[in-house]
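Peer 1: Here is a sequence with its predicted model. Questions after.
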Amino acid sequence: MRLSQLFVPTLKETPKEAEVVSHMLLLRAGYIRKLAAGIYNFLPLGIRSVRKVEAIVRQELNRAGAQEVLMPAVQPASIWKESGRWEYYGNELLRFKDRKGGEFCLGPTHEEVITDLVRGEVRSYRELPLNLYQIQSKFRDELRPRAGLMRGREFIMKDAYSFDVDEAAAKASYKSMYDAYCRIFDRCGLQYRPVEADTGAIGGNLSHEFQVLTETGEDSIVSCPSCGYTANVEKAELRVDTTTVAAPAADLVQVATPGARTITEVAALLGRSPDTIVKTLVFVADEVPVLVLVRGDLDVNEVKVKVALGASTIRMAADREVEAVTHAPVGFAGPVGLTTRVLADHSVFAIEDGVVGANAADAHLVGFCASRDAAGAQRVDVRLAAGGDACGRCGDGRFEFFRGIEVGQVFYLGTKYSEPMRCTFLDAEGVERPMVMGCYGVGITRILSAAIEQNHDADGIVWPMSLAPFHVIVAPLQLKEPTVVELAEKLYSELGALGVEVILDDRDVRPGVKFKDADLLGIPLRVTVGARGAAEGFVEVRRRGTAADERVAIDQVVAQVAGRVAAELGDG
Ligand code: ATP
Ligand code: MG
């Protein structure tokens, strides 16, 4: 491709909308353009990199025995009602009606569709196992689309679904997909960790996320250096400390705390440290309000709250709901004197002379002792794990904390969908049984963001060879010199003939502009053709991300560059 003809609208300035470096560089280097919140156009370079990720995913899934299909983006409500998720999925599900009033949604995921497909076609254990996948645009009406491709509303996902005769076979399918995922993310050049994960809206009880480690990640991960246990904080099991204050240290007394609503404000006003203050949160679980208490310097884990309550839905209460429960403005909630159900984290029972909201405007209670003043509370572990916490698996190590970007997730589903949707088969004895399922997602477009977060410098993107839209850029420096132009054209066509994906920077611009753009776009190898080298028999080759040009003899450069591309692409 000649750069003069390539549709690559680069930007000099950092776009205002960009929050993280990958978003900024995808815009600046002309890979994507926004159409609406969380909805993007992919320009020629962008879609080329998307296709690179897709090709890796296809190869590895085909190798693992999965078969590609393509399901519709538009799905009828009827199958979602059968699985029970039409109500449960919430506002991320974009619902609409057709001209006849039929209810539909845009697919955020495809468990229902695939289960419907397979139940209609597969009858016998002889037709199992089956693993089907697709690569397709998903739509989720995310509350906060952000960071470009990182959290879009429309994004490309690979989703795969396995069907097996029993749990053992389904776990083997899970393991084979887990291994395929490791190969996929290795080949994408990502530094990642598989971590134990919660199963969220998808359901099931065994799951791993593949997390790309970077500071800008939205997810929090803890890992035990002692036993290696690694989990999303939502899921992480910590060693519970059941220290309990034996006897109250003081009487419960109401004090004025005008305008002090947050832990920090209350701590500052009363001259206390946050770990002596009790945080009271109001949740609504299956439409019933619940108070949840945790020590002021800690956070509540919503997943644990949901499990402790056995609730099927949970959310934070809206301000007016908090006011209805506490009869006070938001910021002054506490467990004393209310009839609402209370869950109290173990951490609260170790506070001697605590502070809680008084359920009255501008007031708190001091002298709080949970075993006396919240005696009716259900004592549970509902706190979020953090760095420094003791590991719940081995009990020894202290958690280390990481941030991550989830690029993939694998779930063992069991019969969560096959049972309600009656996706069954006849076993060898002729007995009808539900199929045992797994599902497996890869965020194709999110991978581009994650890869750039891990691979960039001040000048632009530094692609791993496997994801780069082109492998090589040939930059002739003096377009007035026929020897330079001829040599550049020759290298361009010879590299292309060997299957190397190459750009010729045929623009009549200064060398500095050529170098800057090549760096911004992130093309892994740059071959610079100058007048002096052309006369003396060499060109210069530079790997993006390194500072050194290597002189290579003209008659060797094509073989050397092609060899280097192949070596970096690995076993493809
Ligand atoms: P998240 O927790 O980030 O919202 P999720 O757990 O809901 O993601 P899954 O249902 O597991 O997502 O989807 C499979 C993969 O699709 C994820 O691992 C992620 O890489 C990708 N993905 C999910 N939501 C988005 C999004 N809004 N934008 C881009 N990629 C996404
Ligand atoms: Mg997920």
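Peer 2: Yes, it's here. Ligands and ions are numbered 1, 2, ... in the order given.

Peer 1: which residues of the stretch 351-500 of the chain fall in strands?
Peer 2: Here the stretch 351-500 of the chain has its strands, by DSSP state E, counting those that start in this stretch, at 354-357, 363-368, 378-380, 400-414, 424-426, 432-434, 436-443, 456-457, 460-461, 472-476.

Peer 1: other SSEs contacting the second one?
Peer 2: Contact here means 3 or more Cβ pairs under 8 Å, 6 or more residues apart in numbering; DSSP states H and E; on that basis strand 363-368 packs against strand 253-256, helix 263-270, strand 354-357. Using the backbone N, CA and C atoms, a C-beta is placed for each residue, glycine as well.

Peer 1: now those as CSV including mean neighbour count and distance to residue 31?
Peer 2: Output for the helices and strands packed on strand 363-368, formatted as CSV (neighbours: other Cβ atoms under 10 Å; distance: least, Cβ to Cβ, whole Å):
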stretch, mean neighbour count, distance to residue 31
strand 253-256, 12, 57
helix 263-270, 16, 41
strand 354-357, 28, 49
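
Peer 1: Need the pLDDT of the closest residue to ligand 1 within the stretch 301-450 of the chain.
Peer 2: Of all residues in the stretch 301-450 of the chain, residue 443 sits closest to ligand 1, at 2.2 Å by Cβ to the nearest ligand atom. For residue 443, the model assigns a pLDDT of 98.

Peer 1: what about the spatially closest residue to it that is not a sequence neighbour, how many neighbours?
Peer 2: By the measure of Cβ to Cβ, 6 or more residues apart in numbering, the closest residue to residue 443 outside its immediate chain neighbours is residue 407, 5.3 Å from it. Applying other Cβ atoms under 10 Å, we find 25 residues neighbouring residue 407.

Peer 1: just residue 29 next, same as before
Peer 2: The local packing of residue 29 (other Cβ under 10 Å) involves 24 other residues.

Peer 1: That one reaches residue 461, doesn't it?
Peer 2: Yes. Using Cβ atoms under 8 Å, residue 29 makes contact with residue 461 at a distance of 6.0 Å.

Peer 1: which residues are common contacts for the two?
Peer 2: 520-522 (Cβ atoms under 8 Å, 6 or more residues apart in numbering).

Peer 1: By neighbours, which of those residues wins?
Peer 2: Result: residue 522 is most packed of the shared contacts of residue 29 and residue 461 (other Cβ under 10 Å), 29 neighbours.

Peer 1: Mind pulling the model confidence for the residue lying closest to that residue once chain neighbours are set aside?
Peer 2: Leaving aside its chain neighbours, residue 522 sits nearest to residue 461 (2.8 Å; criterion: Cβ to Cβ, 6+ apart). pLDDT for residue 461: 98.

Peer 1: in the sheet, who's paired with residue 461?
Peer 2: Legend: beta-bridge partners of residue 461 under DSSP bridges are residue 456.

Peer 1: right, and it touches residue 452 too?
Peer 2: Yes. The pair residue 461 / residue 452 is scored as a contact, 5.5 Å apart, by Cβ under 8 Å.

Peer 1: what do those two both touch?
Peer 2: Here residue 461 and residue 452 share the contacting residues 25, 522, scored by Cβ under 8 Å, 6+ apart.

Peer 1: And for the closest residue to residue 302 other than its chain neighbours, the neighbour number?
Peer 2: Distances taken as Cβ to Cβ, 6+ apart place residue 314 nearest to residue 302, at 6.1 Å, with adjacent residues excluded. By the criterion of other Cβ under 10 Å, residue 314 has 17 neighbours.

Peer 1: Show me what residue 314 is bridged to.
Peer 2: According to DSSP bridges, residue 285 are recorded as the beta-bridge partners of residue 314.

Peer 1: Correct me if wrong: residue 501 contacts residue 471.
Peer 2: Yes. Counting by Cβ under 8 Å, residue 471 is a contact partner of residue 501 at 4.8 Å.

Peer 1: Relative to residue 270, how far out is residue 186?
Peer 2: Residue 186 is 53 Å from residue 270, where distance means Cβ to Cβ, to the nearest Å.

Peer 1: Likewise for residue 238?
Peer 2: For residue 238, the distance to residue 270 (Cβ to Cβ) stands at 29 Å.

Peer 1: Contacts only, for residue 95.
Peer 2: With contact set as Cβ under 8 Å, 6+ apart, residue 95 has these partners: 77, 103-105.

Peer 1: Kindly report the same for residue 96.
Peer 2: Taking Cβ under 8 Å, 6+ apart as the test, what residue 96 contacts is 103-106.

Peer 1: Check those residues against ligand 1 and report the nearest one.
Peer 2: Here the nearest of the contacts of residue 96 to ligand 1, counting by Cβ to the nearest ligand atom, is residue 106; it sits at 12.9 Å.

Peer 1: tally of neighbours for that closest one?
Peer 2: 19.

Peer 1: Then residue 124?
Peer 2: 12.

Peer 1: Verify the stated contact: it with residue 426.
Peer 2: Yes. Here residue 124 lies in contact with residue 426, judged by Cβ under 8 Å, at a distance of 5.5 Å.

Peer 1: on that earlier part again, tell me the buried residues within the contacts of residue 96.
Peer 2: Buried members of the contacts of residue 96, scored by 16 or more other Cβ atoms under 10 Å, are 104-106.

Peer 1: if we can go back for a sec, quickly check the contacts of residue 95 for the two that are furthest apart.
Peer 2: 103 and 105 (7.7 Å; Cβ to Cβ).

Peer 1: shared neighbours, these two?
Peer 2: When contacts are counted by Cβ under 8 Å, 6+ apart, the set common to residue 103 and residue 105 consists of 77, 95-96.

Peer 1: Just the ones of the residues you listed in strands?
Peer 2: Among those, the ones falling in strands (DSSP state E) are 95-96.

Peer 1: Could I get the contacting residues of residue 129?
Peer 2: Residue 129 is in contact with 162-165, 169, 173, counting by Cβ under 8 Å, 6+ apart.

Peer 1: typed the wrong thing, it's residue 237
Peer 2: 229, 231, 385, 391-393.

Peer 1: Next to ligand 1 in this structure, residues from the stretch 351-500 of the chain, please.
Peer 2: Counting by Cβ under 6 Å from any ligand atom, the residues of the stretch 351-500 of the chain lying close to ligand 1 are 406-409, 441, 443, 445-446.

Peer 1: who wins for neighbours among those residues?
Peer 2: Most neighbours among those, by other Cβ under 10 Å: residue 408, with 28 neighbours.

Peer 1: what's that residue in contact with, if anything?
Peer 2: 181, 184-185, 209-210, 440-443.

Peer 1: Run a quick neighbour tally on residue 533.
Peer 2: The number of residues packed near residue 533 is 20, by other Cβ under 10 Å.

Peer 1: For it, which non-adjacent residue is closest in space?
Peer 2: Nearest non-adjacent residue to residue 533 (Cβ to Cβ, 6+ apart): residue 539, at 5.3 Å.

Peer 1: secondary structure class for the one you found?
Peer 2: Here residue 539 is strand, with the state taken from DSSP: H, G, I helix; E, B strand; the rest coil.

Peer 1: is it true that it touches residue 557?
Peer 2: Yes. At 5.4 Å, residue 539 counts as touching residue 557 under the criterion of Cβ under 8 Å.

Peer 1: what about residue 464, distance to residue 523?
Peer 2: 12 Å.

Peer 1: The residue nearest to residue 302 is in contact with residue 281, isn't it?
Peer 2: No. Applying Cβ under 8 Å as the test, residue 314 and residue 281 come out as separate, 11.2 Å apart.

Peer 1: does the residue nearest the centre of the chain have beta-bridge partners, and which?
Peer 2: Most central in the chain under Cα atoms, centre = their mean is residue 406, positioned 2.6 Å from the mean C-alpha point. For residue 406, the beta-bridge partners are residue 211 (DSSP bridges).

Peer 1: got the contact list for it?
Peer 2: 209-212, 218-219, 443, 446.

Peer 1: Can I have the buried ones of these as a PyMOL selection?
Peer 2: A single PyMOL command selects the buried members of these (16+ other Cβ under 10 Å):
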select buried, resi 209+210+211+212+219+443+446
